[in-house]
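1. Build me a model:
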Amino acid sequence: MIIKKLVVGPLQENCYIVGDKKTKQAIVIDPGDESDRVLDEIKEHGLEVSAVVLTHAHFDHIGAAGDIKRATGAKILMHKDDVEAYALARDQAAFWGYSVDDLPQIDRFVDEGDAIEAGGLSFKVMHTPGHSQGAICLYGEGVVFSGDTIFEGSVGRTDFPGGSIEELRKSFRRLIDLPEDTKVFSGHGPDTTIGRERVENFFMNEI
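-> Residues are numbered from 1 along each chain as shown. Have a look, this model is predicted:
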């Protein structure tokens, strides 16, 4: 499995390119900015991108989705409960002093239990609201792409529209119950593991 992490944009968001080494089929998760860098990495590895998966619709995770879609023909995938947040992404970006000019049409809505595949790789969609109503994680192949639901030692904030600390507690519990050797690739910051977060994440005291 190929996993390439690119830290992009002013908020240092983690974009992931995930591909099957044998078939060169790939997905891109949360292309928040710097589409040229993302596309160069795709080209360097000779990958064919079938889907752009948005773990949630906040502006720092979606800013380059349109460019990636146009360049690769990939479909944009997101949970339906973040449609409102997606529509407000321009306003949210402006509030933070940034701009999002391109909001491509969502091609398919995904939900709990759906499988997203790239060649021989398969990742299950986990609907994990809390940071946003339509937040999702992708779990499979011994890893979880957690968006802004869980970070190393922390969790996503819940004070944006659609956030809920009660829902985040439920989603956090689901993630913490994954096998302890599951590697966690989050939306910001370094990689971690479920086992490490069971011991070190401050939010364990909240559940």
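2. Going by C-alpha atoms from here, please, whenever you check contacts or count neighbours.
-> Noted.
3. And the contacts of the lengthiest helix in the chain?
-> In the chain, taking DSSP state H as the definition, the longest helix is helix 165-176. The contact list for helix 165-176, computed with CA atoms under 8 Å, 6 or more residues apart in numbering, reads 127-131, 149-150, 158, 194-195, 197-198, 206-207.
4. mind checking pLDDT for residue 97?
-> On pLDDT, residue 97 comes in at 81.
5. Correct me if wrong: residue 54 contacts residue 80.
-> No. Using CA atoms under 8 Å, residue 54 is not in contact with residue 80; the gap is 11.1 Å.
6. More neighbours: these two, which one.
-> Set residue 54 next to residue 80 and count neighbours by other CA atoms under 10 Å: residue 54 wins out with 27 against 17.
7. what residues are up against the more buried one?
-> If you count contacts by CA under 8 Å, 6+ apart, residue 54 has them with 29, 30, 31, 61, 62, 76, 77, 78.
8. In strands, which of those residues fall?
-> 29, 76, 77, 78 (DSSP state E).
9. So the second one sits against residue 116, correct?
-> No. Residue 76 sits out of contact with residue 116 when judged by CA under 8 Å, with a separation of 11.8 Å.
10. which residues in the chain form strands?
-> According to DSSP E, the strands that the chain contains are 2-8, 13-19, 25-29, 48-53, 75-78, 108-109, 115-118, 121-127, 136-140, 143-147, 150-151, 154-155, 183-186, 192-193.
11. if I look at residue 177, how far off is residue 152?
-> 16 Å (CA to CA, to the nearest Å).
12. between those two, which one's more packed in?
-> residue 152 (20 against 11).
13. residue contacts, the nearest residue to the more buried one once chain neighbours are set aside?
-> Distances taken as CA to CA, 6 or more residues apart in numbering put residue 192 closest to residue 152, at 5.7 Å, once the chain neighbours are dropped. Residue 192 sits next to 151, 152, 183, 184, 185 when contact means CA under 8 Å, 6+ apart.
14. again with residue 28
-> Each residue near residue 28 by CA under 8 Å, 6+ apart is listed here: 15, 16, 17, 18, 49, 51, 52, 53.
15. a markdown table for the strands of the chain, including mean pLDDT and distance to residue 88?
-> Converted to a markdown table, these look like this (pLDDT from 0 to 100; distance: least, CA to CA, whole Å):
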| stretch | mean pLDDT | distance to residue 88 |
| --- | --- | --- |
| strand 2-8 | 98 | 21 |
| strand 13-19 | 98 | 19 |
| strand 25-29 | 98 | 20 |
| strand 48-53 | 98 | 18 |
| strand 75-78 | 98 | 15 |
| strand 108-109 | 98 | 18 |
| strand 115-118 | 98 | 26 |
| strand 121-127 | 98 | 21 |
| strand 136-140 | 98 | 18 |
| strand 143-147 | 98 | 19 |
| strand 150-151 | 98 | 23 |
| strand 154-155 | 98 | 23 |
| strand 183-186 | 98 | 23 |
| strand 192-193 | 98 | 31 |
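16. With distance to residue 165 as new columns, can the ones you listed be given to me in CSV?
-> Compiled in CSV, the strands of the chain are given as follows (distance: least, CA to CA, whole Å):
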stretch, distance to residue 165
strand 2-8, 27
strand 13-19, 22
strand 25-29, 24
strand 48-53, 24
strand 75-78, 21
strand 108-109, 24
strand 115-118, 27
strand 121-127, 15
strand 136-140, 16
strand 143-147, 16
strand 150-151, 13
strand 154-155, 10
strand 183-186, 18
strand 192-193, 22
